[in-house]
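# model this:
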Amino acid sequence: MKNHSPLLRTAVIALAGMMLLSMLPVAAGADKANDTFIYAIEGDPGNDINVISTSSRYDLMAERMVYSPLFDYFAPDDIVYLLAESIDVSDDLMTITAHLREGVLWHDGEPFTADDVVFTYEMVMKYEHSNGYDGLVYNDKKTEVVKIDDYTVEFRLPVVNAAILELLVAEHYIMPKHIYEGDESVENNEKNASPVGTGPYKWAEYKAGQYVRFEANENYFRGEPQIGAIIFQIISDKNAVMLALKKGEVDAMVIDNASAVDFEGSSVTLYAYPEDRVGYMSFNMSSENVRDINFRKACMFALNRDELNVAAYLSEEFYVNAYSFLPAAAVFATSDVERYDHSVETAKEYLAKAEHVPELLKIAYTVNNPVQETEALVIQQNLKEIGVNVELQGTDGTALFVKMQDKDNTDYDMYLSGYIMGTDPMNYATLFRTDSASNYSHMSDARLDELFTAGVDETDIAVREALYVEAQQRLADLAVQYPIVTNMRLLGVVDGVGGIDEARLIPIYTFQDMSKLFFH
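Numbering: from 1, shown residues only. As a prediction, the model looks like this:
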């Protein structure tokens with residue numbers, strides 16, 4: 001059906017909004033203002049939440065609701081202790097001692113102890129594709145995790161790692177030994193559909209493509225949550241949900257920059273916060289179409305980074321151009337790399353040198369993601385200027401992630417994505433090392449592998465910096481990844497919600513602790 005007038009379009013959106021809200025699983029008779037916080041999200045977290053392989057934004061958000069890490073590491077002087085009350089680091093940097101919080105209960109009432117910590121990290125090191133495996137295992141030598149007593153655990157490293165505190169908790173949530181012990185696999189385990197954690201909320205209900213509902217954990221060790229239930233409502237019609245946000249029927253959602261002006265004068269406050277995220281385009285090196293480095297460089301010189309970011313983010317106040325695989329805030333980040341500044345002339349020179357120029361490239365991106373949809377269109381137009389045709393392949397974010405993991409997948413030649421990996425360059429090695437399960441571009445370069453390996457146990461700051469600067473330059477020269485942006489994230493929250501500062505806006509998860517939110 002075509003919308004022939006703005007009034008008709010508004011009526012359709014309003015009707016869709018009412019239909020969407022009628023599907024929300026709020027208990028009959030419940031006072032939403034005091035009982036339920038609805039956060040509209042673009043992706044489906046799924047119901048296979050586990051601490052081993054959960055790694056995309058929305059399932060990590062769900063994981064954080066249910067589970068807890070030992071601590072949150074934001075910077076050397078910014079550590080928030082959670083299941084650990086404190087940590088000690090030995091003088092030789094080879095032993096980390098975690099002193100655990102006593103009196104913590106799992107959602108089923110069982111006590112949390114050191115046994116759970118040891119079990120979790122042993123499971124992480126059991127599977128090479130686990131989140132953070134590379135930060136715990138070095139040249140097949142595993143970190144030794146030792147129970148000292150019921151509330152003390154030692155991590156004994158096989159090598160010195162200057163980034164170990166960050167790596168120790170990066171996407172490492174503690175899982176219950178009494179739930180999973182003896183199971184053949186932690187992944188693809190039916191228990192993952194009803195996860196039991198120590199986090200602020202309990203997993204209550206999941207409807208594929210619709211919502212996840214969480215209920216307050218009255219025994220949460222940081223204090224009982226102030227809101228009784230949280231719903232992650234999966235967006236099917238963004239316009240309808242935006243209308244619902246303005247009316248206060250949805251409490252929060254991420255707003256794209258183009259829509260920010262629509263909330264001026266409304267009862268919704270927009271919070272802009274940095275995620276230290278790198279948004280990028282990458283070639284899929286599994287595809288024969290992009291094996292020729294001269295062809296890849298031709299494509300990169302044809303791309304117009306400024307045009308991409310202005311189209312996607314509208315104003316420079318919302319973004320910074322990215323040139324390295326590291327965000328600008330990361331340690332040792334440099335822009336002293338081949339930036340591939342837009343030049344059609346240079347692009348055509350490299351195209352003339354290429355031995356293989358495909359007739360068509362396919363670019364994959366996440367549907368219902370307005371930034372990626374815009375970027376894909378600009379890339380299509382940029383490459384058309386040098387005679388390279390691009391087919392757009394929008395797909396569900398979870399489905400795209402599964403394809404990215406498959407090193408033999410050649411359904412697409414390029415893809416759009418982004419990552420948030422922390423402050424230390426070592427965290428990023430997992431994205432580019434030949435043998436890493438998170439090497440979604442499926443690239444392989446011996447020198448880059450050497451640089452990342454050398455950076456692990458180097459404690460001399462000047463030497464580490466030189467290694468990682470070279471790594472940034474090397475990756476740029478390989479022309480596999482085209483960094484596009486480090487952007488601000490805009491969160492719209494209805495004015496009746498308090499505790500935003502206490503809940504703390506952070507990368508990936510949106511909130512560090514949603515138990516601190518409350519309704520006025």
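# so what pLDDT did the nearest residue to Asn188 once chain neighbours are set aside get?
Using C-beta to C-beta, 6 or more residues apart in numbering and skipping residues adjacent in sequence, the residue nearest Asn188 is Asp48, 7.1 Å away. All C-beta atoms are positioned from the backbone trio N, CA, C, and that covers glycine. As predicted, Asp48 sits at a pLDDT of 91.
# surely Glu181 meets Val118?
No - proximity of Glu181 to Val118 does not meet the contact threshold set by C-beta atoms under 8 Å, at 11.2 Å.
# Neighbour count: the two, which is higher?
Set side by side, Glu181 and Val118 show more neighbours around Val118, with 18 against 11, by other C-beta atoms under 10 Å.
# Tell me if I am right that that one is in a helix.
Yes - the assignment for Val118 (DSSP: H, G, I helix; E, B strand; the rest coil) places it in a helix.
# residue contacts, it?
Val145, Val146, Lys147, Val153, Lys177 (C-beta atoms under 8 Å, 6 or more residues apart in numbering).
# which residues in the stretch 401-520 of the chain form helices?
All helices of the stretch 401-520 of the chain, identified by DSSP state H, counting those that start in this stretch, fall at 446-456, 461-478, 500-503.
# Take the contacts of Val118 and keep only those in helices.
Those of the contacts of Val118 mapping onto helices are Lys177, per DSSP state H.
# ok, of the contacts of Val118, which come out buried?
Val145, Val153, Lys177 (16 or more other C-beta atoms under 10 Å).
# from memory the first one sits against Ala114, does it?
No - using C-beta under 8 Å as the test, Val145 is too far from Ala114 to be in contact (9.4 Å).
# Find the residues that touch each one of the two.
Val153.
# circling back: okay, the helices of the stretch 401-520 of the chain in a markdown table with mean neighbour count, mean pLDDT and distance to Pro158 next?
A markdown table is the format used below for these (neighbours: other C-beta atoms under 10 Å; pLDDT from 0 to 100; distance: least, C-beta to C-beta, whole Å):
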| stretch | mean neighbour count | mean pLDDT | distance to Pro158 |
| --- | --- | --- | --- |
| helix 446-456 | 18 | 92 | 10 |
| helix 461-478 | 18 | 96 | 19 |
| helix 500-503 | 14 | 97 | 38 |
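# count of neighbours near the residue nearest to Ala75 when sequence neighbours are not counted?
Spatial nearest neighbour of Ala75, chain neighbours left out: Thr423 (6.6 Å); criterion: C-beta to C-beta, 6+ apart. Thr423 has 20 neighbouring residues, counting by other C-beta under 10 Å.
# Kindly report the same for Asn321.
17.
# Ok, Asn188 next?
10.
# so what's it scoring on pLDDT?
pLDDT, read off for Asn188, is 85.
# sec struct for it, please.
coil.
# do you know how far it is from Asn47?
As defined by C-beta to C-beta, to the nearest Å, Asn188 lies at a distance of 12 Å from Asn47.
# now Asp513
23 Å.
# More neighbours: those two, which one.
With neighbours defined as other C-beta under 10 Å, Asp513 and Asn47 compare such that Asp513 has more, 24 against 18.
# any idea what sits nearest that one, other than its immediate chain neighbours?
Ala503 (5.6 Å).
# same question, Asp88
Using C-beta to C-beta, 6+ apart, the nearest residue to Asp88 is Thr97, at 4.3 Å.
# Tell me how many other residues surround that neighbour.
Thr97: 17 neighbours (other C-beta under 10 Å).
# nearest spatial neighbour of Leu517, skipping sequence neighbours?
Gly499 (4.5 Å).
# Val469 too?
Val469 sits nearest to Thr334 (C-beta to C-beta, 6+ apart), 5.2 Å away.
# Contact partners for the one you found?
Ser324, Leu326, Val469, Gln472, Gln473.
# And those, which two are furthest apart?
Leu326 and Gln473 (11.6 Å; C-beta to C-beta).
# Correct me if wrong: Lys202 contacts Gly109.
No - the pair Lys202 / Gly109 is not scored as a contact, 11.6 Å apart, by C-beta under 8 Å.
# So for these two, which sits in the more crowded spot?
Each of Lys202 and Gly109 has its neighbours counted (other C-beta under 10 Å); Lys202 has more, 22 against 8.
# how near is the more buried one to Lys384?
Distance from Lys202 to Lys384, by C-beta to C-beta: 51 Å.
# ok now the lengthiest strand in the chain, how far from the chain's centre?
In terms of residue count, the longest strand belonging to the chain (DSSP state E) is strand 481-494. Centroid separation for strand 481-494 versus its chain: 12 Å, with C-alpha atoms, centre = their mean, to the nearest Å.
# Met253 touches Phe232, doesn't it?
No - with contact defined as C-beta under 8 Å, Met253 does not reach Phe232; the gap is 10.6 Å.
# returning to that earlier point: can the helices of the stretch 401-520 of the chain go into JSON lines with extra columns for distance to Glu218?
JSON lines is the format used below for these (distance: least, C-beta to C-beta, whole Å):
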{"stretch": "helix 446-456", "distance to Glu218": "43"}
{"stretch": "helix 461-478", "distance to Glu218": "46"}
{"stretch": "helix 500-503", "distance to Glu218": "18"}
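# Out of those, which is closest to Thr430?
Smallest distance to Thr430 across the helices of the stretch 401-520 of the chain (C-beta to C-beta): 9.0 Å, for helix 446-456.
# Show residues contacting that closest one.
138-139, 159, 161, 425-426, 429, 432-434, 464, 467-468, 470-471, 474-475, 478.
# Helices of the stretch 151-300 of the chain, residue ranges please.
164-169, 177-180, 238-246, 293-302.
# any chance of those helices in a markdown table, with distance to Glu317 too?
As requested, those are exported to a markdown table (distance: least, C-beta to C-beta, whole Å):
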| stretch | distance to Glu317 |
| --- | --- |
| helix 164-169 | 29 |
| helix 177-180 | 46 |
| helix 238-246 | 21 |
| helix 293-302 | 26 |
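# Quickly note the distance from Asn47 to Asn189.
11 Å.
# send the alpha carbons of stretch 442-461 over as PDB?
Written as PDB, here are the backbone C-alpha positions of stretch 442-461 (Å, rounded to 0.1, in the frame of the first residue of the first chain):
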ATOM      1  CA  HIS A 442      39.200 -14.700   7.400                       C
ATOM      2  CA  MET A 443      42.500 -12.900   6.700                       C
ATOM      3  CA  SER A 444      46.000 -14.300   7.300                       C
ATOM      4  CA  ASP A 445      49.200 -12.400   7.600                       C
ATOM      5  CA  ALA A 446      52.300 -13.900   9.300                       C
ATOM      6  CA  ARG A 447      53.900 -10.500  10.200                       C
ATOM      7  CA  LEU A 448      50.600  -9.200  11.700                       C
ATOM      8  CA  ASP A 449      50.400 -12.400  13.800                       C
ATOM      9  CA  GLU A 450      54.000 -11.900  15.000                       C
ATOM     10  CA  LEU A 451      53.300  -8.300  16.000                       C
ATOM     11  CA  PHE A 452      50.200  -9.300  18.100                       C
ATOM     12  CA  THR A 453      52.100 -12.200  19.700                       C
ATOM     13  CA  ALA A 454      55.000 -10.000  20.600                       C
ATOM     14  CA  GLY A 455      52.700  -7.400  22.100                       C
ATOM     15  CA  VAL A 456      51.300  -9.900  24.600                       C
ATOM     16  CA  ASP A 457      54.200 -10.200  27.000                       C
ATOM     17  CA  GLU A 458      56.100  -7.000  26.300                       C
ATOM     18  CA  THR A 459      56.100  -4.700  29.400                       C
ATOM     19  CA  ASP A 460      58.300  -1.900  28.000                       C
ATOM     20  CA  ILE A 461      55.800   0.800  27.100                       C
END
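# OK, contacts around Ala311?
Contacts of Ala311 by C-beta under 8 Å, 6+ apart are Thr374, Glu375, Leu377, Val378.
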